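J.: Everything below, folded, please.
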Amino acid sequence: MKETFVRKLVDIKPTKPVLIEGLPGLGLVGRIVIRFLVKQLKAEKFAHLYSPYFPYFVLVNKKGGVRLLRGTFYFWKNTGEGNDLILFTGDSQAQTIEGQYEISECILDFARKCGVETIITIGGFRMESESKPKVIAAATNAKLLQRALDAKALVSSIGNPIVGTAGLILGLGRFKKIDALCLLGETRGYLPDPRAAKSVLEVLQAMLGITVDLSKLDEEIAKAEKMVSRLRKIEERRASQAEEIKKEEDKKVTYIS
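T.: Numbers count the residues shown, from 1 in each chain. Purely as a prediction, here's the structure:
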């Protein structure tokens with residue numbers, strides 16, 4: 001394999017589709033959002049993206065079979081008046097700068113072939129938030145950004161870099177004449193964060209007019225919070241032990257006058 005490519009599994013006939021991208025990143029926010037939407041909307045898998053820029057190993061399944069790391073495109077037909085959705089997530093992001101650009105451009109080219117005129121990318125924004133995580137937005141189109149702000153997102157501050165595919169799709173989208181919006185959920189970043197994903201999903205629901213049962217995430221949120229609580233207690237014990245050791249060492253110090 002010398003370059004990134006998309007392999008179609010089935011043909012689709014989308015109507016004014018919006019593509020939503022969410023690869024693994026801070027807090028796995030994007031991946032959680034896409035996997036939740038795929039499950040709740042019962043979206044159909046219709047294409048895979050392969051790239052030599054993904055990590056160099058294969059995944060082994062329960063039966064001992066193997067497969068390359070890949071990205072997956074899903075399709076959801078909207079039976080109402082809104083847009084159809086193409087959902088994209090994957091096992092990993094590219095491991096090099098060149099790979100990030102190539103995969104982002106491949107996603108954009110495939111999106112154009114599917115008739116996509118708007119792409120929404122999802123990611124995480126590192127921020128320790130005790131209350132409900134906020135959603136930060138940036139876009140290539142003022143009207144698209146305003147739709148996100150009307151859905152309770154907040155505009156990104158000047159100078160904030162959006163790293164990886166979630167950001168590059170916005171930058172490269174201008175050359176492909178595709179409008180693009182990035183939604184970043186505030187997250188601690190070091191653990192999967194369904195709380196941040198839920199905040200992003202609320203914005204997506206308001207923007208796209210879709211309805212999914214977000215209460216299905218509450219159990220995952222409770223599990224995540226318990227894990228954070230355990231990690232904090234472990235860190236507090238370590239800090240306390242380190243302080244006790246320091247005190248004992250200080251007692252052993254002798255002074256020569």
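
J.: And the pLDDT at Ala242?
T.: We have a pLDDT of 69 for Ala242.

J.: typo on my end, it should be Ile245
T.: pLDDT at Ile245 comes out at 72.

J.: and it, how many residues sit next to it?
T.: Burial of Ile245 is recorded as 10 neighbouring residues (other C-beta atoms under 10 Å). Bear in mind the C-beta positions are built from the backbone N, C-alpha and C, glycine included.

J.: For the closest residue to Leu41 other than its chain neighbours, give me phi and psi.
T.: Computed as C-beta to C-beta, 6 or more residues apart in numbering, the closest residue to Leu41 that is not its neighbour in sequence is Trp76, at 4.6 Å. Trp76 adopts backbone torsions of phi -130, psi 120, taken as degrees, to the nearest 10.

J.: Just list whatever residues bridge to Trp76.
T.: Leu85 (DSSP bridges).

J.: Please spell out which residues along the longest helix anywhere in the chain are buried.
T.: Secondary structure of the chain per DSSP state H: the longest helix is helix 218-252. Neighbour counts over helix 218-252 (16 or more other C-beta atoms under 10 Å) mark 220, 224 as buried.

J.: Please report how far the residue nearest to Leu41 lies from Val66.
T.: Here Trp76 is placed at a distance of 29 Å from Val66 (C-beta to C-beta, to the nearest Å).

J.: out of those two, which sits in the more crowded spot?
T.: Per other C-beta under 10 Å, whichever of Trp76 and Val66 has more neighbours is Trp76, with 22 against 9.

J.: wait, what's in contact with the more buried one?
T.: By C-beta atoms under 8 Å, 6 or more residues apart in numbering, the contact list for Trp76 reads 37, 41-44, 84-87.

J.: What remains of those if I keep only buried residues?
T.: 37, 41, 43, 84-87.

J.: pLDDT for those residues - can I get that in JSON lines?
T.: Below are the buried ones among the contacts of Trp76 laid out as JSON lines (pLDDT from 0 to 100):
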{"residue": "Leu37", "pLDDT": "97"}
{"residue": "Leu41", "pLDDT": "96"}
{"residue": "Ala43", "pLDDT": "97"}
{"residue": "Asp84", "pLDDT": "97"}
{"residue": "Leu85", "pLDDT": "98"}
{"residue": "Ile86", "pLDDT": "98"}
{"residue": "Leu87", "pLDDT": "98"}
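
J.: Just flag the most distant two among those residues.
T.: Leu37 and Asp84 (12.8 Å; C-beta to C-beta).

J.: Skipping its backbone neighbours, what lies nearest the spatially most central residue of the chain in space?
T.: Nearest to the mean C-alpha position of the chain, counting by C-alpha atoms, centre = their mean, stands Gly30 at 1.6 Å. Spatial nearest neighbour of Gly30, chain neighbours left out: Gly22 (2.8 Å); criterion: C-beta to C-beta, 6+ apart.

J.: Confirm for me that the one you found is in contact with Ile34.
T.: Yes - using C-beta atoms under 8 Å, Gly22 is in contact with Ile34, at 3.9 Å.

J.: Common neighbours of the two, please.
T.: 87-89, 122.
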